[in-house]
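**Student:** attaching a predicted model along with its sequence, questions to come.
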Amino acid sequence: MTNTVSPAATDYDIIICGAGPVGLSTAALLHKRSLAAGQMPRIALIDAKPDQAANQDPRTIALSHGSQQILQSIGAWPLIAPTATAIHQIHVSRRRHFGRTLIRREDYQLPALGYVVRYGPLVSALSAALAPASLSMLRPVQVTAIAEQTSHATVQLDDGSTLSAAMVVQAEGGVFSEQTARKRQHDYDQIAIIAHVQTSAPIAQRAFERFTAEGPLALLPQEDGYALVWCVRPATATQLLALDEAAFLDALGNMFGTRLGRFIRCSTRNSYPLGLNAAAATSARTVAIGNAAQTLHPVAGQGLNLGLRDAIVLSQALMQQGSTPAALEQFARRRRHDRSATIALTDLLARLFASAADGAPSQSLLGLSLGLVDVIAPAKRLLAEQMMFGWR
């Protein structure tokens, strides 16, 4: 890896803002490639959260098979695997309409279509994989401003200090409701209710994506039950969150159906607003990846997986071209199609299946389309491969 500025000119070669899964994976991929090349860049990771807060985060993450391969390549997967639940089948349907698609691992000769993990153990595994790396970890500290010059960029921190680097990677995206509007933005007028639920008749290692009139309802196999992501209109979310556990489980059962028997337990419920906020934010000395570049609707669980594909392509470009504008040009070019396809897919699904009430003719056609996808092998494979691997 070559540098375009002398070591004395900047504090670091690369500063990564955000030590979540995407930022940590980027650092780990750079470290691995640097070891192989015998050239070690000076890397700093900056994050606003202390270690303990990140490691104890209870959120659930859906990892595609392609993402599992990335984590395996940097040594993090063996550490997270004992806590992960494999997905062998994905059942996609439209409530109150005929037609469904069932994607199975056997059809693609894979050990699993994907995995369900908790955010905290994933971050802990990535941090452990990075332990041998000689990089600077700065936390908890907030980035307040990033400024770009011809030969480098500077990062202003909330403690009053300023750091410089040949390249700055913005990997701290935050949630949709707290973000500055980007070039492509859409508020879906939906709230995601998330919780862990248990059922009386679970189906081992099968995930469900159930489209309803207000948004998708996903159940991901996890530990002794399922991770629930239920997307509804804001007024409905207010009503559901106000219900006691028994009433909430009854409402969930009425919406999902009886494929898993009765819903019998539910953890504490949390919620967050949903929207699309995306821009190909790349300049000469700064680049945004993951949620910092594209925040997506959670339908099909593509957000983190797209971010990890950003990480692997960026690390390749930086090692091939050095911390130069040419590296970011290469990155932007190679990521254009995957980003566009994934954003278009999730946006289409989020809008289309919630565009009319149950029973509407348009929704009957959409339900039928799921059945057609199930029997048309090329269409089914294209959908499955985009969800499992994307375009790298």
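**Tutor:** That came through, no problem.
**Student:** could you tell me how many residues sit around residue 237?
**Tutor:** Using other Cβ atoms under 10 Å, residue 237 is surrounded by 22 other residues. Backbone N, C-alpha and C define where each C-beta goes, glycine included.
**Student:** what strand or helix carries it?
**Tutor:** Applying DSSP states H and E as the criterion places residue 237 in helix 234-242.
**Student:** list the buried residues in the lengthiest helix in the chain.
**Tutor:** Under DSSP state H, the helix in the chain containing the largest number of residues is helix 325-352. Residues 327-328, 330-332, 334-335, 338-339, 342-343, 345-347, 349-350 are the ones in helix 325-352 that count as buried (16 or more other Cβ atoms under 10 Å).
**Student:** show me which of those residues is closest to residue 276.
**Tutor:** For the buried residues of helix 325-352, the closest approach to residue 276 (Cβ to Cβ) belongs to residue 347, at 5.7 Å.
**Student:** what separates the closest one from residue 119, distance-wise?
**Tutor:** Computed as Cβ to Cβ, to the nearest Å, the residue 347 to residue 119 distance reads 24 Å.
**Student:** equivalent analysis for residue 205, please.
**Tutor:** 21 Å.
**Student:** these two - which one has more neighbours?
**Tutor:** Remark: of residue 205 and residue 119, residue 119 carries more neighbours, 18 against 15, as counted by other Cβ under 10 Å.
**Student:** ok, now which ones touch the more buried one?
**Tutor:** 21, 54, 57, 58, 59, 60, 61 (Cβ atoms under 8 Å, 6 or more residues apart in numbering).
**Student:** do that again at 7 Å, thanks
**Tutor:** Shown in contact with residue 119 (Cβ atoms under 7 Å, 6 or more residues apart in numbering): 57, 59, 61.
**Student:** for it, phi and psi?
**Tutor:** phi -60, psi -50 (degrees, to the nearest 10).
**Student:** ok, it to residue 126 distance?
**Tutor:** For residue 119 relative to residue 126 (Cβ to Cβ), the value is 11 Å.
**Student:** again, but for residue 288
**Tutor:** From residue 288 to residue 126 the distance is 20 Å (Cβ to Cβ).
**Student:** can you check residue 204 too?
**Tutor:** Distance from residue 204 to residue 126, by Cβ to Cβ: 28 Å.
**Student:** looking at those two, which is more packed in?
**Tutor:** The residue with more neighbours, out of residue 204 and residue 126, is residue 126; 25 against 9, by other Cβ under 10 Å.
**Student:** does the nearest residue to that one once chain neighbours are set aside fall in a helix, a strand, or a coil region?
**Tutor:** Counting by Cβ to Cβ, 6 or more residues apart in numbering, residue 24 is the residue found nearest to residue 126 once chain neighbours are left out, at 3.9 Å. Put simply, residue 24 is helix when judged by DSSP: H, G, I helix; E, B strand; the rest coil.
**Student:** and what of the one 5 residues further on?
**Tutor:** Following three-state DSSP, the label given to residue 29 is helix.
**Student:** just to revisit the earlier point, now do the helix holding residue 237: which elements does it pack against?
**Tutor:** Counting contacts by 3 or more Cβ pairs under 7 Å, 6 or more residues apart in numbering; DSSP states H and E, helix 234-242 is packed against strand 184-199.
**Student:** so in that sheet, which strands flank the strand it packs on, and in what orientation?
**Tutor:** strand 225-232 (antiparallel), strand 263-266 (antiparallel), strand 270-278 (antiparallel) (DSSP bridges).
**Student:** so which of those is nearest residue 155?
**Tutor:** Of the strands paired with strand 184-199, nearest to residue 155 by Cβ to Cβ is strand 270-278, at 22.2 Å.
**Student:** list of residues touching that closest one?
**Tutor:** Contact partners of strand 270-278, identified using Cβ under 7 Å, 6+ apart, comprise 175-177, 179, 181-182, 184-188, 190-194, 231, 237, 241, 293-297, 343, 347.
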